[in-house]
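Novice: make a model of this:
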Amino acid sequence: MSGKRPPKSRAHKQGLPPGTPVYLGEEREGAVRITLIDYDETNVVETPIESADQCLPFKDKPSVTWINVDGVHDAALIQTLAERLGLHPLVHEDILSTGQRPKVEDYEEYLYLVLKMIRWDGVRSEATFEQVSILLGRGLVVSFQERPGDVFEPVRQRIRSAKGRIRTMGADYLAHNLLDAIVDGYFVVLEQRGEQIEQLENEVISRPSPKTLGQIHRLKREGLLFRRAVWPVRELVAGLERTGSPLVGDALRPYLRDLYDHTVQVIDTSETFRDMLSGLLDTYLSSLSNRMNEVMKVLTVIATIFIPLTFIAGVYGMNFEAMPELHWRWGYATVLVTMAAVALGMAVYIKKKKWM
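Specialist: Model (predicted):
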């Protein structure tokens, strides 16, 4: 067993005033890991952070600072960090509530974005879902993840190697790169789902089984989770593009439009897979019905052939004394030959009618 305990339900917040920080994710052990990357066109500083106070010197620097927090289960540490960054209590609450719907909110001094990071677990052959909260401030980006491991490593590599425009652009471009990495991760998951659906199509047509039905239902449930996580991202990106916040520069808007197109493509593909899975379920039921029909056809043909044979055997199985054939020397052989001829004739007739 993994040792992870299920997440707390929202019932734990019942009766509490709005803005009360309560962690509602999976119960985890271990320390929260905080890393910081500060960069400009010429320099990059990458360092682990031991306490929230170490972030303060980077908050108002002219360079771009990215603070990444792996793990939000330590509510006390997250609260200290939220106080140092001057976050609104509702934002603090949303960071700890890992069941948030993707959205973007403008708090003037910063923008708060929350969405789902979806990755493919190759060992278990399924998608994993994780909430990511992103704060975009003046020269500052803070990202909160539920657990270590993410899709942001290409962004880190571009910062370290000064590839592309990331070192010459502002914090809004960094936030866009994080969103773009998350959306690109959706395509990876969709590719894996497409391969699974293709394999299921072959199984449904050639050898459908109860295991196949279970896989179809599992993919349908996973597809519902995927749809619920991805559909609001389109609204998030559109809202970010339309926002009048000075934190999002005009130079970023073409990139946001491109990201919006990618999000729409993800949604279209996921809807296509959803329809394919529904069709697979119908095909599975049809395949089972066809197999049952084939079995019933064979049994019916066998029964049809044996009906006249049973009639003949029944006639000569009666116990009447006045039946001349019962005392005839060749009677038994004649009945057997007659039964064989009737069976052969029935088989030829059924074959000629193409019932088999």
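Novice: quick one: pLDDT of residue 316?
Specialist: pLDDT for residue 316: 77.
Novice: pretty sure it contacts residue 323?
Specialist: Yes: the pair formed by residue 316 and residue 323 meets the contact definition of CB atoms under 8 Å, at 7.5 Å. For every residue, glycine as well, the C-beta is placed using N, CA and C.
Novice: any stretches of the stretch 251-356 of the chain with poor pLDDT?
Specialist: Along the stretch 251-356 of the chain, the parts satisfying pLDDT under 70 run over 356.
Novice: which residue ranges form the helices in it?
Specialist: 253-315, 331-352 (DSSP state H, counting those that start in this stretch).
Novice: so which of the ones you listed is the most packed in?
Specialist: The densest packing among those, expressed as mean neighbour count by mean count of other CB atoms under 10 Å, is seen in helix 253-315 with a mean of 14.
Novice: which helices and strands does that one pack with?
Specialist: helix 171-206, helix 210-242, helix 331-352 (3 or more CB pairs under 8 Å, 6 or more residues apart in numbering; DSSP states H and E).
Novice: hey, least reliable of the ones you listed by pLDDT?
Specialist: helix 331-352 (a mean of 84).
Novice: so it versus helix 253-315, what angle?
Specialist: What separates the directions of helix 331-352 and helix 253-315 is an angle of 160 degrees, with axes from the mean of the first three to the mean of the last three CA atoms, to 10 degrees.
Novice: who's in contact with helix 331-352?
Specialist: Applying CB atoms under 8 Å, 6 or more residues apart in numbering, the external contacts of helix 331-352 come out as 301, 304-306, 308-309, 312-313, 316, 325, 328, 356.
Novice: that helix: how far from the chain's middle?
Specialist: Its chain's average C-alpha position is 60 Å from that of helix 331-352, according to CA atoms, centre = their mean, to the nearest Å.
Novice: repeat for stretch 315-335
Specialist: Mean C-alpha position of stretch 315-335 versus that of the full chain (CA atoms, centre = their mean) differs by 73 Å.
Novice: alpha carbons only: can I get it in CSV?
Specialist: This file holds the C-alpha atoms of stretch 315-335, laid out as CSV (Å, rounded to 0.1, in the frame of the first residue of the first chain):
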residue,chain,number,x,y,z
VAL,A,315,-42.1,-43.6,-32.3
TYR,A,316,-40.1,-46.8,-32.2
GLY,A,317,-39.6,-46.5,-28.5
MET,A,318,-43.4,-47.0,-27.9
ASN,A,319,-44.4,-50.3,-26.3
PHE,A,320,-47.1,-51.4,-28.6
GLU,A,321,-47.1,-55.1,-29.6
ALA,A,322,-48.5,-54.6,-33.1
MET,A,323,-45.5,-52.8,-34.6
PRO,A,324,-44.1,-55.1,-37.4
GLU,A,325,-40.8,-53.3,-37.5
LEU,A,326,-40.0,-54.3,-33.9
HIS,A,327,-39.7,-58.0,-34.9
TRP,A,328,-38.1,-57.4,-38.3
ARG,A,329,-34.5,-58.6,-38.6
TRP,A,330,-33.2,-55.5,-40.4
GLY,A,331,-35.5,-53.0,-38.6
TYR,A,332,-32.8,-51.6,-36.2
ALA,A,333,-30.3,-51.0,-39.1
THR,A,334,-33.0,-49.5,-41.3
VAL,A,335,-34.0,-47.0,-38.6
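Novice: buried sites along that stretch?
Specialist: Taking 16 or more other CB atoms under 10 Å as the basis for neighbour counts, the residues of stretch 315-335 that come out buried are residue 335.
Novice: among the helices of the stretch 251-356 of the chain, which comes closest to residue 247?
Specialist: Closest of those to residue 247 is helix 253-315, at 12.8 Å (criterion: CB to CB).
Novice: quick one, the closest one and helix 210-242 angle?
Specialist: In terms of direction (the same axes, to 10 degrees), helix 253-315 departs from helix 210-242 by 160 degrees.
Novice: so what's residue 119 up against?
Specialist: Here residue 119 is in contact with 127-128, 130, 149-151, 185, 188-189 (criterion: CB under 8 Å, 6+ apart).
Novice: surely it is in a helix?
Specialist: No: the assignment for residue 119 by DSSP: H, G, I helix; E, B strand; the rest coil gives strand, which leaves it out of any helix.
Novice: let's verify residue 22: helix, strand, or coil?
Specialist: When classified by three-state DSSP, residue 22 comes out as coil.
Novice: quick revisit: can I get the helices of the stretch 251-356 of the chain in JSON lines including distance to residue 50?
Specialist: Putting the helices of the stretch 251-356 of the chain into JSON lines (distance: least, CB to CB, whole Å) gives the following:
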{"stretch": "helix 253-315", "distance to residue 50": "34"}
{"stretch": "helix 331-352", "distance to residue 50": "84"}
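Novice: among these, which comes closest to residue 233?
Specialist: The closest approach between residue 233 and any of the helices of the stretch 251-356 of the chain, judged by CB to CB, belongs to helix 253-315 at 5.2 Å.
Novice: residue 112 - that's part of a strand, no?
Specialist: Yes: in this structure, residue 112 lies within a strand as judged by three-state DSSP.
Novice: that one touches residue 100, doesn't it?
Specialist: No: counting by CB under 8 Å, residue 112 stays clear of residue 100, with 10.2 Å between them.
Novice: of these two, which one has the most company?
Specialist: residue 112 (20 against 17; other CB atoms under 10 Å).
Novice: next one: residue 159 from residue 177, what distance?
Specialist: Relative to residue 177, residue 159 is positioned 9 Å away (criterion: CB to CB, to the nearest Å).
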